[in-house]
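*Asks:* take a look and give me a structure for this.
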Amino acid sequence: MKIENPNPIQWRFSERAAQLQSSFIREILKITQQPEIISFAGGLPSPATFPVDVMKAAYDKVLSTTGKTALQYGPTDGYMPLRQWIADSLSVNGAKIVPEQVLMVSGSQQALDLLGKVLIDEGSRVLVETPSYLGALQAFSVYRPEFKSVQTDDHGLVPSSLAPVAEGARLLYALPNFQNPTGRTLSVERRLELVETCARLGLPLIEDDPYGALSYKGEPLPKMVAMNPEGVIYMGSFSKVLTPGIRLGYVVAPLPLVRRLELAKQAADLHTAQLTQMVVHEVVKDGFLDQHIPTIRDLYGNQCQVMLDAMAEHFPASATWTKPEGGMFIWVTLPKHINAMELLDEAIKEKVAFVPGAPFYANEPETNTLRLSFVTVPPERIRQGIAILGKLIAARL
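*Replies:* Numbers count the residues shown, from 1 in each chain. Here you go, the predicted model:
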């Protein structure tokens, strides 16, 4: 039976809902789905790196041998063998991480949301890099913090700039390895200084590390969580080394905090899919990543060099850019008078897309910046797209 002539619903949204904003990158990706667009916009890993056959075999094995367990509800903190594997992989240089410190999450974006939920009150001071990861700004913004931007330079975050803004801060959020969006990497010396500074100030440090394995030289970079496991919250993900479609990440935190995160996760989704966790453990437990990750590094390193060479050929001398040693991004700084948002409108007309830099700033956005991603674009299309961008930039000088 259908109600006749019902009154229209008067939706009354919460104040928090009013704070929600669409991700600028996600809006651009709607445009870049068109096959004729040369897209340097998405921070998407290359599908060429997805180990489809290996994943299929792991799903088959898990379902055929432990299917009833895999398809059942699981514990909130996650599948213990996978948590043990993560703890063991992080227990280096004298640090001892135990599996009880590991919480499995449905992608690292959920980790950011949970951290915001348990650490941030309205008006809480939150320290972020300049610029910072847009997804973190978006996740934390829901809890209405006061963002304070920390000074950065070509070598990443400047630890000595923390003290003037650290008083009362709830956390510092940082990406030390091949940062999104700039591609910058924090030096070993600065990592140690940063950890020591945060410890002295009593400031929790979030070390977000989705790209750390993607060093083109294959040299491991020291993790700050190993320097101070009681003061550093480590975030990791399988999205960039296996596939983002599984939506599987993890948080490693001191026990009092990880328990609070677990309670917040119970309220959010009970637990991350047990099947997914068991499959990923089946894939990684015998060293598959040791053979797989070098192929990703080679592909991304080659395509990065193609883009850098094309930029050197086609971009005007007044533009500058980072030269990353890993990861997925190059950061471009244009002359001050060029607005990257306006440049994007022109580029899309020429079938090229990128991400303007302004949305990556928590405060005082620099509108003459932009982010380029090279990992999903074949070399010839990289050259073609960069040549077009170079002409558009030169026309605005």
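*Asks:* CA atoms for contacts and neighbours, from now on please.
*Replies:* Fine.
*Asks:* okay, now the residue lying closest to residue 230 once chain neighbours are set aside: neighbour count?
*Replies:* Spatial nearest neighbour of residue 230, excluding adjacent residues (CA to CA, 6 or more residues apart in numbering): residue 254 at 5.4 Å. The tally of other residues near residue 254 (other CA atoms under 10 Å) stands at 18.
*Asks:* and what of residue 372?
*Replies:* 26.
*Asks:* I'd like the distance between residue 127 and residue 7.
*Replies:* 47 Å (CA to CA, to the nearest Å).
*Asks:* those two: which is more packed in?
*Replies:* Neighbour totals were compared for residue 127 and residue 7, and residue 127 leads with 24 against 6 (other CA under 10 Å).
*Asks:* where do the helices sit along the stretch 251-397 of the chain?
*Replies:* 255-269, 274-284, 288-314, 340-349, 379-395 (DSSP state H, counting those that start in this stretch).
*Asks:* how about the CA coordinates for the fourth one, as CSV?
*Replies:* Provided in CSV are the C-alpha atoms of helix 340-349 (Å, rounded to 0.1, in the frame of the first residue of the first chain):
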residue,chain,number,x,y,z
ALA,A,340,46.9,26.3,-11.8
MET,A,341,43.2,26.1,-11.5
GLU,A,342,42.8,28.3,-14.6
LEU,A,343,45.5,26.3,-16.3
LEU,A,344,43.6,23.1,-15.6
ASP,A,345,40.5,24.4,-17.5
GLU,A,346,42.7,25.1,-20.5
ALA,A,347,44.5,21.7,-20.2
ILE,A,348,41.2,19.8,-20.1
LYS,A,349,40.2,21.4,-23.4
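*Asks:* gap between residue 166 and residue 259?
*Replies:* Between residue 166 and residue 259 the computed distance is 25 Å (CA to CA).
*Asks:* residue 78 now?
*Replies:* 13 Å.
*Asks:* those two: which has the busier surroundings?
*Replies:* Neighbour count, other CA under 10 Å: between residue 78 and residue 259, residue 78 has more, with 23 against 17.
*Asks:* ok, residue 16 - how many residues close by?
*Replies:* If we define neighbours as other CA under 10 Å, then residue 16 has 11 of them.
*Asks:* sticking with it, tell me its helix or strand.
*Replies:* According to DSSP states H and E, residue 16 maps onto helix 15-19.
*Asks:* how far does that helix sit from the chain's center?
*Replies:* 24 Å (CA atoms, centre = their mean, to the nearest Å).
*Asks:* mind listing the strands for the stretch 151-300 of the chain?
*Replies:* According to DSSP state E, counting those that start in this stretch, the stretch 151-300 of the chain carries its strands in the segments 152-153, 156-157, 169-174, 205-208, 232-237, 249-252.
*Asks:* where do the helices of the stretch 1-150 of the chain begin and end?
*Replies:* Applying DSSP H, counting those that start in this stretch to the stretch 1-150 of the chain gives helices spanning 15-19, 24-32, 52-70, 80-90, 108-119, 134-141.
*Asks:* adding distance to residue 170 and mean pLDDT, write those helices out as CSV.
*Replies:* Listed next are the helices of the stretch 1-150 of the chain as CSV, based on distance: least, CA to CA, whole Å; pLDDT from 0 to 100:
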stretch, distance to residue 170, mean pLDDT
helix 15-19, 20, 76
helix 24-32, 26, 68
helix 52-70, 37, 98
helix 80-90, 25, 98
helix 108-119, 6, 97
helix 134-141, 12, 95
